[in-house]
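J.: Prediction below, plus the sequence it came from.
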Amino acid sequence: MIRELLMWVIVTSAIIVLILYAVINAFYLFIHIIGLVELRDQMRDQEVDPAYSSFDSNFLPGVAMIVPAYNEANTIVDCVRSLVEIEYPEVTVIAVNDGSTDDTLERLTETFGLELVNDTPPWQLSDTEVHGIYRSTTAERLYVIDKENGGKSDALNAGINFTEQPLFCSIDADSIIDRSGLRRVVAPFIANPKEVVASGGTVRLANGCVIEDGHLVDANMSDSLLVQMQEAEYLRSFYSGRLGLSRLRNLLVISGTFGMFRTDVIREIGGYNPETVTEDLDLVVRLHRHFHEHDLPYRVEFVSEPIVWTQAPERLGDLGRQRRRWYRGLLEVISTNRDMIANPRYGTIGMFAIPIHIIAEVFGPLLEAYGYLVVITAIILGILHVEFFVLFLLVIIGIGIFLSTFGVFSEVWGYRRYDDPGEIAVLLGASIVENIGYRQLRAVWAVHGLVEFLRRDTSWGRIRRQTFNDTAVGEMSSNE
Amino acid sequence: MCSAIPKSEASLVGLVSGDLLGIDIVVTIAIIVFALLVSTFTLTMGLSVVGHRRDTEQAAVVAEVRDGLLERLSRDRPGWEEWVDTLDEPREEVLLDHLETYLDMLVGRDHERLLELAETLDLYERARLSIETGDTFDRCRALRWLDIMDMSIDPGWLLPRISTARIEREAAAPVLRRHPDGHQLALSLLLEGEYLTGHGMETLYQLIADDPTPTVEHLHEIESTELLSQVLLVLAARPSSDEEPPIEPLTELYGHADERIRARTCLVLGTFAWHEDLKESIDIDALLDDSPEVRIATYRMLARWRDEIARHHLRTALDEETDRRAKIVLVRSLLQHGRRGDRFALAGLVDENLLTWARLEGVASERRDPLL
């Protein structure tokens, strides 16, 4: 009787898992195809981009580049240097030292000749105390806010409240921006100043790249298999996923690594939320909420061209901590905004984007983990049809690899930052390996993230950072 | 291990045993997936190899064509025709890329020389053909080429050939602007929609630089608040010229219901510092406006006027202003009037922290926000 009941549970749940699996993969396939169409259109549109070939245009909006930094001594100088030397006529760079315990501030002071402007800000900048505001004597675009540790959101809010520029761009301190990249991400605001409130750019991995004095000299693939798998994952996520969702006007997240927003709009919705561990997702979902509730036209855009290069974790433990935090943050944002789910008031965001994110991103990894449990149970019960199972597993892995190759194909068909066919072969290989082992690990991290969420864990976790040229390795953490 | 399951159990376990989703179906799906994988891998690798080979070949061509172009540019007689005749198709493509960049970048004699090259390449006729036969993309490319070649085009020929899409209207406007009868038509094309892109604002700036009067006279016809605020920003940024526009259409907007329009009207009025009648007649209600944005624009307007009346208004506002951002602009505006007495008086009237920030160039200063 118990055996029969157990088998019934297994079979029923297996059918549900199979249906959801089909739905998830059909969604991904659809989004990936739409992503290719959008990539083609964006590349073509760039050829008829007449507006900003002229560098001295009167009508390029000013941009504040805000860099929150907590213990980023290894990368902060290169990052800030890439920003102060960026090709754009009106930029203010605001580095926010968020109570670092290493020598982040000292390195900035030493490199850029900082001098104290005032130890009191002109108005309240953040929830935590500001110790001083510095200005560079060698780079006139650069300001540094030195404050108590309050987390990444609080540091970003300090920069947003400080600036007078109409647009601001959040960029992580372990990232480098292309010299001409800012123009690309500003382009949607110029093309549609009435409606565009946010735009994000494609983020690629800096590991393995040659970076000199804060500038990307040569885009190379890292030798680390773990990084290669993340690269394949990033390509799929940015080129296929976000690009496709952006075309459908259902983009839910602009990467916290690099995103541009209208300053007035973000101030209006209260800035970044200091209570969340995925401030990027939280912010964009609140933007959707705000504009739908006020019945105002708006657009959140995504730029396909690779603009920012960031460091990916090179150690499995660091990667696991990062992914668990992302998963926790996803649950947190979905839970906070549960009234938007399947709510027609929020248009396709409520009726499509959030539900499909729940199915694909929340349940997807959990179902996968559950599927492995079912298989183990079936083996124990002696009801597993081995030939069938092996074939079925091959199909699942094959579909996963097929979807992964969309990202690599987009890279080759699109901007071709990896010019060497050998690197493309490595990426394709990584797309295969990603689905055997790494994918299963992600399912385990999701389960772990779920447990942490249920325990109300709000930590960011420690991530080790390296300098961009890998000469020095330090133990660092993200904003606590 | 478990392939031999009794029939009764097999029907129960269904999916797990392969009965529910027949093994034949799974085999078929597996074959399809495998075929897809092989195809995408082959296609991706093939594209990569072809692209790499093309890039390698093109790298040499790019350097060769660029060097040839620059070398001929420095000659007394460039000899474009003889050179162009020697170029094959890939080299001509690269030449067009360089020509587009340099036409936009170079001025004077070099620009004139490049225009001769464009003529040799028959680019004017090619552009006309693209407009005649192409899609939106081709027409915009062609109009872009005509623009950088400083060409105008007969409005009677062009207008029936472009669509009403914003991208095409804005691409056509700079080309029409150069035609003797084109100013009004270009203005109408630009102001037809709900808003302008940055490119449209740049073209409007050129039109206003030529003559601001038609734009100012058009203001009352603009229904979209977004478009109106953009036009006002372009007017506020206009270069000084002998032709000054009429002021009445602007003073009418001074009391507009939308705060952005009020604020941007103040910015435009700030450019009329020479207009004594305006300065005496205008009632500075905006000093008491509820919107800090409007008050900030008013302070900036008064800072540009730089006279006793303006200074008096600013000093009066100092007691009333409660918004810190607006107050910094107000104090800076007073400092810009440059009176030594004001500087000493301010030290007693506002806190030292605020004075420090007001003196600092770059923070809370006039921001570069014409687009937004």
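T.: Okay, I see it. Residues are numbered from 1 along each chain as shown, chains lettered A, B, ... in the order given.
J.: B:Asp135: neighbour count?
T.: Residues contacting B:Asp135 under the criterion other CB atoms under 10 Å in any protein chain shown number 9. To be clear about C-beta, it is placed using only N, CA and C from the backbone, and glycine gets the same treatment.
J.: I meant A:Ala369, not that one.
T.: A count of nearby residues for A:Ala369, using other CB under 10 Å, gives 18.
J.: repeat for the one 10 residues further on
T.: Using other CB under 10 Å, A:Ile379 is surrounded by 14 other residues.
J.: How about the host helix or strand of A:Val285 and chain B, any contact?
T.: Following DSSP states H and E, the helix or strand that holds A:Val285 is helix A:279-293. No. No part of helix A:279-293 sits close enough to chain B to count as contact by CB under 8 Å from any CB of the partner chain; the gap is at least 15.4 Å.
J.: counting contacts, what elements does the helix or strand following that helix pack onto?
T.: Using DSSP H and E, the next helix or strand after helix A:279-293 towards the C-terminus is strand A:299-310. Helices and strands in packing contact with strand A:299-310 are listed as helix A:2-47, strand A:175-177, helix A:181-191, strand A:196-205, helix A:243-247, strand A:258-262, helix A:279-293; criterion 3 or more CB pairs under 8 Å, 6 or more residues apart in numbering or on different chains; DSSP states H and E.
J.: what angle sits between the first one and strand A:299-310?
T.: Right, helix A:2-47. Between helix A:2-47 and strand A:299-310, the angle formed by their directions is 90 degrees, by axes from the mean of the first three to the mean of the last three CA atoms, to 10 degrees.
J.: so can I have JSON lines of the helices and strands packed on strand A:299-310 showing mean neighbour count, distance to A:Asn157 and mean pLDDT?
T.: Output for the helices and strands packed on strand A:299-310, formatted as JSON lines (neighbours: other CB atoms under 10 Å in any protein chain shown; distance: least, CB to CB, whole Å; pLDDT from 0 to 100):
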{"stretch": "helix A:2-47", "mean neighbour count": "16", "distance to A:Asn157": "31", "mean pLDDT": "87"}
{"stretch": "strand A:175-177", "mean neighbour count": "25", "distance to A:Asn157": "19", "mean pLDDT": "91"}
{"stretch": "helix A:181-191", "mean neighbour count": "24", "distance to A:Asn157": "21", "mean pLDDT": "89"}
{"stretch": "strand A:196-205", "mean neighbour count": "25", "distance to A:Asn157": "16", "mean pLDDT": "94"}
{"stretch": "helix A:243-247", "mean neighbour count": "24", "distance to A:Asn157": "26", "mean pLDDT": "94"}
{"stretch": "strand A:258-262", "mean neighbour count": "24", "distance to A:Asn157": "12", "mean pLDDT": "95"}
{"stretch": "helix A:279-293", "mean neighbour count": "21", "distance to A:Asn157": "10", "mean pLDDT": "97"}
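J.: Mind checking these for the one nearest to B:Asp289?
T.: For the helices and strands packed on strand A:299-310, the distance to B:Asp289 is smallest for strand A:258-262, at 22.4 Å, taking CB to CB.
J.: ok, and what's touching the helix holding A:Val285?
T.: A:152-153, A:156, A:170, A:197-198, A:251-256, A:259, A:261, A:265-266, A:268-270, A:272-273, A:276, A:297-298, A:300, A:329-330, A:332-333, A:336-337, A:340, A:345-347, A:349-350, A:354 (CB atoms under 8 Å, 6 or more residues apart in numbering or on different chains).
J.: Please spell out the ChimeraX selection for the buried subset of those.
T.: Only the buried members of the contacts of helix A:279-293 enter the following ChimeraX selection, criterion being 16 or more other CB atoms under 10 Å in any protein chain shown:
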select /A:152,153,156,170,197,198,251,252,253,254,255,256,259,261,265,266,269,272,273,276,298,300,329,330,332,333,337,340,346,347,349,350,354
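J.: taking the contacts of helix A:279-293 one by one, which sit in helices?
T.: Per DSSP state H, helices hold the following members of those: A:152-153, A:156, A:265-266, A:268, A:329-330, A:332-333, A:336, A:347, A:354.
J.: and the next element down the chain from the helix or strand of chain B with the lowest mean pLDDT?
T.: Using mean pLDDT, DSSP states H and E, helix B:7-13 stands out as the lowest-scoring helix or strand of chain B, at a mean of 40. Elements were assigned by DSSP H and E; along the chain past helix B:7-13, the next helix or strand is helix B:23-73.
J.: quick one: whichever helix or strand comes after that next one to chain centroid distance?
T.: Per DSSP H and E, helix B:23-73 leads on to helix B:80-86 as the next helix or strand towards the C-terminus. Taking the mean of its C-alpha atoms, helix B:80-86 sits 36 Å from the chain's own mean (CA atoms, centre = their mean, to the nearest Å).
J.: same question, stretch B:54-70
T.: The chain centre lies 31 Å from the centre of stretch B:54-70; the measure is CA atoms, centre = their mean.
J.: do the same with stretch A:230-242
T.: The chain centroid and the centroid of stretch A:230-242 are separated by 10 Å under CA atoms, centre = their mean.
J.: Restrict it to CA atoms and write it as PDB.
T.: Included here for stretch A:230-242 are C-alpha records, laid out as PDB according to Å, rounded to 0.1, in the frame of the first residue of the first chain:
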ATOM      1  CA  GLN A 230      29.900  31.400 -16.400                       C
ATOM      2  CA  GLU A 231      30.800  33.100 -19.700                       C
ATOM      3  CA  ALA A 232      28.500  30.800 -21.600                       C
ATOM      4  CA  GLU A 233      25.800  31.500 -19.000                       C
ATOM      5  CA  TYR A 234      26.200  35.300 -19.200                       C
ATOM      6  CA  LEU A 235      26.000  35.200 -23.000                       C
ATOM      7  CA  ARG A 236      22.800  33.200 -22.800                       C
ATOM      8  CA  SER A 237      21.400  35.400 -20.100                       C
ATOM      9  CA  PHE A 238      22.200  38.800 -21.700                       C
ATOM     10  CA  TYR A 239      22.100  38.100 -25.500                       C
ATOM     11  CA  SER A 240      19.200  35.800 -25.500                       C
ATOM     12  CA  GLY A 241      17.200  36.200 -22.200                       C
ATOM     13  CA  ARG A 242      17.300  40.000 -21.500                       C
END
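J.: can you tell me if it touches chain B.
T.: No. In terms of CB under 8 Å from any CB, no part of stretch A:230-242 sits within range of chain B; the closest distance is 11.3 Å.
J.: pLDDT on that stretch, on average?
T.: Mean per-residue pLDDT for stretch A:230-242: 91.
J.: same question, stretch B:182-192
T.: Confidence over stretch B:182-192, taken as the mean pLDDT, stands at 94.
J.: what separates the closest residue to B:His337 other than its chain neighbours from chain A, distance-wise?
T.: Nearest residue to B:His337 in three dimensions, chain neighbours excluded: B:Arg311, at 5.2 Å (CB to CB, 6 or more residues apart in numbering or on different chains). Applying CB to the nearest CB, to the nearest Å, one obtains 23 Å for the distance of B:Arg311 from chain A.
J.: B:Arg311: how many residues sit nearby?
T.: 19.
J.: can I assume it sits in a helix?
T.: Yes. Counting by DSSP: H, G, I helix; E, B strand; the rest coil, B:Arg311 is found in a helix.
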